[in-house]
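1. fold the following, please.
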Amino acid sequence: MSELAQKGVLRWVPGVQALRQYKPGLIIHDVTAGVVLATMLVPVGIAYAVASGVPGIYGLYATIVPLLAYAVFGPSRILVLGPDSALATVILGTVLPLSGGDPARAIALAAAMAIVSGLVCILAGFARLGFITELLSKPIRYGYMNGIALTVIISQTPKLLGFSIEKGGPLQDLWAIAQGILAERINWAAFGLGGGALALVLVLKRFKHVPGILIAVIIATVVVGVLQLGDREVVSVLGPLPAGLPTFRIPLIGVSDIGPVLVGGFATAMVSFADTSVLSRVYAARMGYRVDPNQEMVALGASNLAAGLFQGFPISSSSSRTPVAEAAGAKTQMTGVVGAIAVALLLLLAPKLLRNLPDATLAAVVLSAAIGLFEFSDLKRIYRIQRWEFWLSMLCFAGVAIFGAIPGIGIAVVMAVIEFLWDGWRPRSAVLGNAGANGYVDVTRDPEARRIKGLLLFRLDAPLFFANAELFKERVSQALEAAPERVNWVVIAAEPITSIDVTSSDSLIEFIGDLRATGVTFCFAELSDEVKGKLKRFGVFEEIGEAQFFPTIGAAERAYVDAYGLDEPRTRKP
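-> Just a heads-up that it's a prediction; the model follows:
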């Protein structure tokens, strides 16, 4: 294989390239983080499998295989993939009515959904549709992560306090937690184990080389085992693990199931990619590297495809397990590999090893990670310099906290698109003057800038399209009326006009005719070749005339001075 072809292949398998460049000094961090991560992967995988309508063991299968696949194809260094709460309701809604209570049929349907989801993501990645993540600006990402952090804290607080609640959304959950506390349902033994673990993890977090999470998990497990708190049902514990490893199996479903499975698989693909793309970009920004969103799609698709072919179900990135990996010191995707191997070894060799691990301590681990997700300092800066982006972040935060991760992101993205369209619909505009060495500037910002008698220099800070065509005419007409003397030429400083459509071009032709009837010449300066080509196709170029197109504002100004025999200095007023 040629070197060029080899580079092309490696582009789609960044994990292979990362392995070739792996630094031995990182192995201790990745192994430690992987072991810590495994203590989270097991209970969460089982819980989300049950929530998705399949037996718990398949949650571990949907954990092991995708982690290995993502380590090969994934561009993120520490992103953790696996069963996810956001997908559980979608999977359950498809599997439950079709399976008829048959576990084997349920996992076949869920695995088929994972295959569909994987293929959709892979095709989208190869089609380079990852650009849609560019809508997720920094304030949106901050709002998302702050909302996720609050949601995770709310979801884990009952476990920390040692009682359970009926899930009904963050606000209802808060009310249920308050009722549980007022009803004195707190299990003080569980709270002592969980609260102590949380305090220990937070204290040890300042010592970067000390595996605080692993220490807390070991201590809590030993205490429960020695005092037999789990056996006496004083506290809720993980219990023994199921046995067995995943095997390759093509899921077989009925013809009547194809439609619902295709719809469900497509839905999980959309949900998982929206979640994964945000989380991936957030951690890439925090760790100082860049991820390719198209490769992220391919990696997510490959992981889902692998899950479906090895008795798993649709998976996504994890907003609770990824921060655990980060807090435990993860440096590369080797952490995920170690975590997957650890889960597999537990199933094979020691299914009872973690049976005394208290649920309250697991909740403490998640809580410690969620606390680290909050971002406040940079939001203060954004509030000072761009108030509307701060409130956009708050909207995203509220949306995630109230409605969940995906609806919250959707609300914020819609608001971002509306804001973008508003900027194009009602853009800034300016009358320009010559400020000498400082170039051509807005005369409202620099009233001393030179304006030549009878020449109006005007700039619109947006593309011309159907929504702002009338506004453009209105602003130019207002500038003509406000001019201190009669205007002979209007020169549009067109560098910001990066596009024009049919509606605006027709409106422009009409406007040019109106100006000509009053003796005003319409000109363009600094217009891009691409937009000029459109004007030729739309008939505007012919209407204006080639002589009225100038490469720079200065050239247009000099042409005006020469045309009217003026001797105007093109510098600042004395």
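
2. can you give me the strands in the stretch 51-200 of the chain?
-> Assigned by DSSP state E, counting those that start in this stretch, the strands in the stretch 51-200 of the chain fall at 81-82.

3. the stretch 301-450 of the chain too?
-> Along the stretch 301-450 of the chain, the stretches classed as strands by DSSP E, counting those that start in this stretch are 316-317, 429-434, 440-442.

4. most tightly packed of these?
-> The highest mean neighbour count among the strands of the stretch 301-450 of the chain, using mean count of other CB atoms under 10 Å, belongs to strand 316-317: a mean of 27. C-beta: built from backbone N, CA, C; applies to glycine.

5. what sits up against that strand?
-> With CB atoms under 8 Å, 6 or more residues apart in numbering as the contact definition, strand 316-317 has outside contacts at 79-82, 84, 86-87, 268, 271-272, 275-276, 279-280, 300.

6. out of the residues you listed, which is nearest to Glu510?
-> If you rank those by distance to Glu510 using CB to CB, Val271 comes first, at 47.5 Å.

7. report the central residue of this structure.
-> For the chain, the residue nearest the mean C-alpha position is Val278 (1.8 Å; CA atoms, centre = their mean).

8. any chance of the strands of the stretch 301-450 of the chain in CSV, plus distance to Arg141 and mean pLDDT?
-> Listed next are the strands of the stretch 301-450 of the chain as CSV, based on distance: least, CB to CB, whole Å; pLDDT from 0 to 100:
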stretch, distance to Arg141, mean pLDDT
strand 316-317, 14, 90
strand 429-434, 32, 93
strand 440-442, 33, 93
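
9. export these to CSV and tack on distance to Thr332?
-> Compiled in CSV, the strands of the stretch 301-450 of the chain are given as follows (distance: least, CB to CB, whole Å):
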stretch, distance to Thr332
strand 316-317, 16
strand 429-434, 50
strand 440-442, 50
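
10. for Ile148, which of those strands is the nearest?
-> strand 316-317 (11.0 Å).

11. okay, now the sheet partners of the closest one, with direction.
-> Note on strand 316-317: by DSSP bridges, its sheet partners are strand 81-82 (antiparallel).

12. which stretch among the strands of the stretch 301-450 of the chain comes nearest Ser256?
-> strand 316-317 (27.4 Å).

13. distance from that closest one to the middle of the chain?
-> Remark: strand 316-317 is offset 12 Å from the chain centroid, using CA atoms, centre = their mean, to the nearest Å.

14. quick one, strands of the stretch 451-574 of the chain?
-> 455-460, 489-493, 521-525, 549-550.

15. so how far is Gln295 from Leu67?
-> Leu67 sits 17 Å away from Gln295, taking CB to CB, to the nearest Å as the criterion.

16. of these two, who's got more company?
-> Leu67 (29 against 20; other CB atoms under 10 Å).

17. re the thing from before, of the strands of the stretch 301-450 of the chain, which is nearest Leu392?
-> strand 316-317 (22.8 Å).

18. so what's the nearest residue to Leu37 once chain neighbours are set aside up against?
-> With sequence-adjacent residues excluded and distances taken as CB to CB, 6 or more residues apart in numbering, Leu37 is closest to Gly339, at 4.1 Å. By CB under 8 Å, 6+ apart, Gly339 lies in contact with Gly34, Val35, Leu37, Ala38, Leu41, Leu67, Val80, Ala325.

19. recalculate using a threshold of 10 Å.
-> 30-31, 33-42, 63-64, 67-68, 71, 80, 82, 321, 324-325, 328, 330 (CB atoms under 10 Å, 6 or more residues apart in numbering).

20. just the pLDDT for it.
-> pLDDT recorded at Gly339 is 94.

21. show me where pLDDT drops low in the protein?
-> 1-10, 132-136, 208-209, 404-406, 409, 567-574 (pLDDT under 70).

22. of all the helix elements in it, which one is longest?
-> Longest helix in the chain, counting residues (DSSP state H): helix 258-287.

23. run the chain-centre distance for that helix.
-> With CA atoms, centre = their mean as the basis, helix 258-287 stands 10 Å off its chain's centre.

24. kindly report the same for stretch 113-128.
-> 18 Å.

25. can you point out the buried residues in that stretch?
-> Buried residues in stretch 113-128, counted by 16 or more other CB atoms under 10 Å: Met113, Ala114, Ile115, Val116, Ser117, Gly118, Leu119, Val120, Cys121, Ile122, Ala124, Gly125.

26. between these, which is closest to Val520?
-> Ala124 (50.8 Å).

27. which strand or helix spans the closest residue to the closest one other than its chain neighbours?
-> Excluding its sequence neighbours, the residue lying closest to Ala124 (CB to CB, 6+ apart) is Met297, at 5.0 Å. In the assignment (DSSP states H and E), Met297 maps to helix 293-309.

28. CA-only coordinates of that helix, as CSV, when you get a sec.
-> Extracted in CSV, the C-alpha atoms of helix 293-309 (Å, rounded to 0.1, in the frame of the first residue of the first chain):
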residue,chain,number,x,y,z
PRO,A,293,-17.4,15.7,13.4
ASN,A,294,-17.6,13.5,10.3
GLN,A,295,-15.3,11.0,11.9
GLU,A,296,-17.3,11.3,15.1
MET,A,297,-20.3,10.2,13.1
VAL,A,298,-18.4,7.3,11.6
ALA,A,299,-17.1,6.2,15.0
LEU,A,300,-20.5,6.4,16.6
GLY,A,301,-21.9,4.4,13.7
ALA,A,302,-19.2,1.7,13.9
SER,A,303,-19.8,1.4,17.6
ASN,A,304,-23.5,0.9,17.2
LEU,A,305,-23.0,-1.5,14.3
ALA,A,306,-20.6,-3.6,16.5
ALA,A,307,-23.1,-3.5,19.4
GLY,A,308,-25.9,-4.8,17.1
LEU,A,309,-23.8,-7.6,15.8
